[in-house]
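**Student:** can you look at this prediction? I've put the sequence above it.
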Amino acid sequence: MRTASGVGEGKGPWVNLHDGFFGRDNWDGFLQGGDRVTLDSHPYLCFGGQSDASMRQRQNEPCQQWGQSVNKSMKSFGLNNAGEFSNAINDCGLYLNGVNLHTRYEGEYEEEGPWPRIGSCDQWTDWTKWDDDMKDAVKTFALSSMDALQVRPNITF
């Protein structure tokens, strides 16, 4: 890529490396002094242990779980980005785990299990029943995620 685009400031695109789901710490010092290289991660809360806590109760988790590692990696690696992230705090999304593989939240997901049943996904999947507080909690969670990942949205709510 550098042969085609050139080396040095202002020459060519950034090269984006995915962290391979190994976590940012494992990339400390890799390509020290690299030319226009960025580290991409895809952080999620929904694939781990499940919780019956509300969206409002979990609104600070992105900062608590990702903020420090992003700050550290920005110093030790360089530019970081989050190629994707989600507002999902559980795995209730339709086919999130694969077609007909069910959910950890409802205790029916078989891989890496057994998983205890936390509750029904109905409250999470029927967005038409979300009240203003739930919608505001989702927004606050999204903003917390963007803050932790140092995403600077060019939008207003």
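**Tutor:** Ah, there it is.

**Student:** so what pairs up with Leu39 in the strands?
**Tutor:** Following DSSP bridges, Leu39 is listed with bridge partners Leu17, Asn80.

**Student:** ok, it touching Asn81?
**Tutor:** Yes: look at Leu39 against Asn81 with CB atoms under 8 Å: they come within range, at 7.4 Å. To be clear about C-beta, it is placed using only N, CA and C from the backbone, and glycine gets the same treatment.

**Student:** these two: who's more crowded?
**Tutor:** Leu39 (21 against 15; other CB atoms under 10 Å).

**Student:** what sits in contact with each of Leu39 and Asn81?
**Tutor:** Counting by CB atoms under 8 Å, 6 or more residues apart in numbering, the shared contacts of Leu39 and Asn81 are Asn16.

**Student:** what about the spatially most central residue of the chain, which helix or strand?
**Tutor:** Most central residue of the chain, judged by C-alpha distance to the mean C-alpha position with CA atoms, centre = their mean, is Pro43 at 2.6 Å. For Pro43, there is no host helix or strand (DSSP states H and E).

**Student:** give me the pLDDT for it.
**Tutor:** pLDDT for Pro43: 92.

**Student:** OK, contacts around it?
**Tutor:** Residues near Pro43 by CB under 8 Å, 6+ apart: Pro62, Gln65, Trp66, Ala82, Phe85, Leu149.

**Student:** for ChimeraX, write the select line for the buried members of the residues you listed.
**Tutor:** To isolate the buried subset of the contacts of Pro43 in ChimeraX, counting by 16 or more other CB atoms under 10 Å, use the following:
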select :62,66,82,85,149
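
**Student:** show me which pair in the contacts of Pro43 is furthest apart.
**Tutor:** The most widely separated members of the contacts of Pro43, counting by CB to CB, are Gln65 and Ala82 (12.6 Å).

**Student:** show me what the helix or strand hosting Val138 is packed against.
**Tutor:** Using DSSP H and E, Val138 sits in helix 132-148. Here helix 132-148 touches helix 61-62, going by 3 or more CB pairs under 8 Å, 6 or more residues apart in numbering; DSSP states H and E.

**Student:** what's the helix it packs on packed up against?
**Tutor:** Against helix 61-62 (3+ CB pairs under 8 Å, 6+ apart) you get helix 132-148.
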